[in-house]
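# sequence and computational prediction follow.
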Amino acid sequence: MTDRPLILWFRRDLRLGDHPMLSAAVATGRPVVPLFILDPETEALGAAPKWRLGLAVQAFAAALEGRGVRLILRRGPALEVLRGLVAETGAGGVFWSRLYDPASVARDTGVKGALKAEGVEARSFAGHLLHEPWEVETGQGGFYRVFTPYWKALRGMEVAAPESAPRTLRGVERWPGSDRLEDWRLGAAMNRGAGVVARYQAVGEAAARAKLQAFLAGPVADYARLRDFPAEAGTSRLSENLTCGEIGIREVWHAGLRVRDEGSAGAESFLRELGWREFSYHLMHHTPQITRSNWKPEWDGFPWRGDSPEAERWRRGMTGEPFVDAAMREMYVTGTMHNRARMIVASYLTKHLMTHWKLGLDWFADCLTDWDPAANAMGWQWVAGSGPDAAPFFRIFNPAGQAEKFDAEARYRRRFVAELSKDPGPEALAYFDAVPRSWGLRPDQSYPAPVVDLATGRATALAAYGARNA
């Protein structure tokens, strides 16, 4: 037995409850040194997710202070930082929660191997998912490529109950030095947009748990129907918290099971959506190329367009298609986008504008505060036709038809597109305060004509699809 400290390397697990790694560390009785590293992989995050992660780090540091310990901040390559802190503190081990994107896997594999070779205990723990991606297998021992059978398998597996948060933590007698979070300037790339988007963030574990409880106390009952209507408060809005690990997925799952068993009609649909999140990680683990290249390699020769003036109008929310523009502007004002709207803007870019899905994927990775590497990749490829989906390419979302079906009273469109109202509301006007000044946009300008006729855009996409399959 040893009483040498443990370094707890926190990443996207910034909470105290439902935390296998933290529970394991506390169970040892050893002093702990909580650590967050701004390494090159974290530095590479887009503007909005990096800024939002900084808010999560700040809140988590305060939570740790309430348990009697400090969160040490260090900048640099992970292995270099960890080696230095081991030497400073005399730590005998490093614990962390697993991540699954290719860059994190490569980094963590190298760190674990190097530390173990140097005689330092290095252990990784589950905690980001209900089940590890390799634990859900087909009858033949392979991985699932289609969601429905995956969901049936996942649904039949027991999920461990979440652990309670530790009341106190044992720290070290002498704390090592720490960077100052403000010196990292994690929000620098957000520029003036940060002040607008900040109003819509619910940061930290307590806020995430309150959000979950409010959702399960009301909206979840009608979730199956209302989740597709962007003007309704029909979803949990937990995505920002899950991506930063401010609430544990097992806690969310068991809370959903509880209200389902109590008779909530929409809870099963909510649990199924959590299954979609799991499926995206299942695919990213088994086919990591999904994050950067066509999941279906036969799409490598498809005539996608690169960047263009039309794609730039899409980025700016100035396509002349109100549903598309409302969705893009929602992202700039709130930091997130309704899921139905995400499908519509992705379909419009990849099909009506015939633009490569990677352009959209990269833009979302820069602008979404709830950016998630697996969900973003699977979502874009699912809509584009190049990903894991049984539906054919010619499933093309018509923005006008979608608006008529899911925003019949135009509440969502008017909420975010100022040019559609004589007296636009504060959120529609906030878009002009959030976007770069270099775009030169003003609320009193005329609404643009459509970039492309919807019927023409659809016909062009179908012709390209037909030529590919000729």
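Alright, I've got the coordinates. Numbers count the residues shown, from 1 in each chain.
# just the pLDDT at the residue nearest to residue 352 when sequence neighbours are not counted, thanks.
Using CB to CB, 6 or more residues apart in numbering and skipping residues adjacent in sequence, the residue nearest residue 352 is residue 457, 3.3 Å away. The way it works is simple: take the backbone N, C-alpha and C, and place the C-beta from them, glycine included. Looking at residue 457, its pLDDT is 93.
# same question, residue 357
pLDDT, read off for residue 357, is 97.
# from residue 47, how far out is it?
Distance, residue 357 to residue 47, by CB to CB, to the nearest Å: 20 Å.
# where does this structure dip in pLDDT?
Residues of the chain meeting the criterion pLDDT under 70: 1, 390-394, 469-470.
# kindly state the domain boundaries assigned to it.
1-127, 129-161+197-286, 297-468 (automatic domain parsing).
# out of those domains, which gets nearest to residue 169?
domain 1-127 (4.5 Å; CB to CB).
# where's the residue nearest to residue 352, which helix or strand?
Taking DSSP states H and E as the criterion, residue 457 maps to helix 454-468.
# can you give the distance of that helix from its chain's centre?
The chain centre lies 31 Å from the centre of helix 454-468; the measure is CA atoms, centre = their mean, to the nearest Å.
# swap in stretch 61-70?
Offset of stretch 61-70 from its chain centre (CA atoms, centre = their mean): 26 Å.
# quick one: contacts of it?
By CB atoms under 8 Å, 6 or more residues apart in numbering, the surrounding residues in contact with stretch 61-70 are 15-16, 32-34, 71, 166-171, 175, 178, 181, 204-205.
# make it 7 Å
With contacts defined as CB atoms under 7 Å, 6 or more residues apart in numbering, stretch 61-70 is touched by 16, 32, 34, 71, 166, 168-169, 171, 175, 178, 204-205.
# looking at the residues you listed, spot the one nearest residue 240.
Out of these, the member with the shortest distance to residue 240 (by CB to CB) is residue 204, at 10.9 Å.
# just checking, the closest one touches residue 59?
Yes: assessed by CB atoms under 7 Å, residue 204 is found in contact with residue 59 at 3.5 Å.
# same list (the contacts of stretch 61-70) but as a markdown table, adding neighbour count, distance to residue 413 and secondary structure.
A markdown table is the format used below for the contacts of stretch 61-70 (neighbours: other CB atoms under 10 Å; distance: CB to CB, whole Å; DSSP: H, G, I helix; E, B strand; the rest coil):
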| residue | neighbour count | distance to residue 413 | secondary structure |
| --- | --- | --- | --- |
| 16 | 20 | 41 | coil |
| 32 | 23 | 50 | strand |
| 34 | 22 | 45 | strand |
| 71 | 21 | 43 | coil |
| 166 | 17 | 47 | coil |
| 168 | 10 | 51 | coil |
| 169 | 19 | 49 | coil |
| 171 | 17 | 52 | coil |
| 175 | 13 | 53 | coil |
| 178 | 14 | 47 | coil |
| 204 | 22 | 32 | coil |
| 205 | 25 | 35 | helix |
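# which of the residues you listed sits closest to residue 3?
residue 32 (11.6 Å).
# mind listing what the spatially most central residue of the chain touches?
For the chain, residue 372 is the residue whose C-alpha lies nearest the centre (CA atoms, centre = their mean; 2.7 Å). Counting by CB under 7 Å, 6+ apart, residue 372 touches residue 243.
# gap between it and residue 49?
If you go by CB to CB, the gap between residue 372 and residue 49 works out to 9 Å.
# please apply the same query to residue 300.
Counting by CB to CB, the gap from residue 300 to residue 49 is 28 Å.
# more neighbours: those two, which one.
Remark: of residue 300 and residue 49, residue 49 carries more neighbours, 26 against 10, as counted by other CB atoms under 10 Å.
# hey, where'd the strands end up in the chain?
Secondary structure of the chain (DSSP state E): strands located at 6-10, 32-38, 72-75, 93-97, 121-125.
# neighbouring contacts of the second one?
Okay, so that is strand 32-38. Outside strand 32-38, the residues that reach it (CB under 7 Å, 6+ apart) are 5-10, 25, 57, 64, 69-75, 78, 81, 85, 89, 91, 169-172, 184.
# mind doing that once more with 8 Å?
For strand 32-38, using CB under 8 Å, 6+ apart, the contacting residues are 5-11, 25-26, 57, 60, 64, 69-76, 78, 81-82, 85, 89, 91, 169-172, 175-176, 179, 184, 186.
# same check, this time on the shortest one
The set of residues external to strand 72-75 that reach it, using CB under 8 Å, 6+ apart, is 33-39, 57, 81, 84-85, 175-181, 184.
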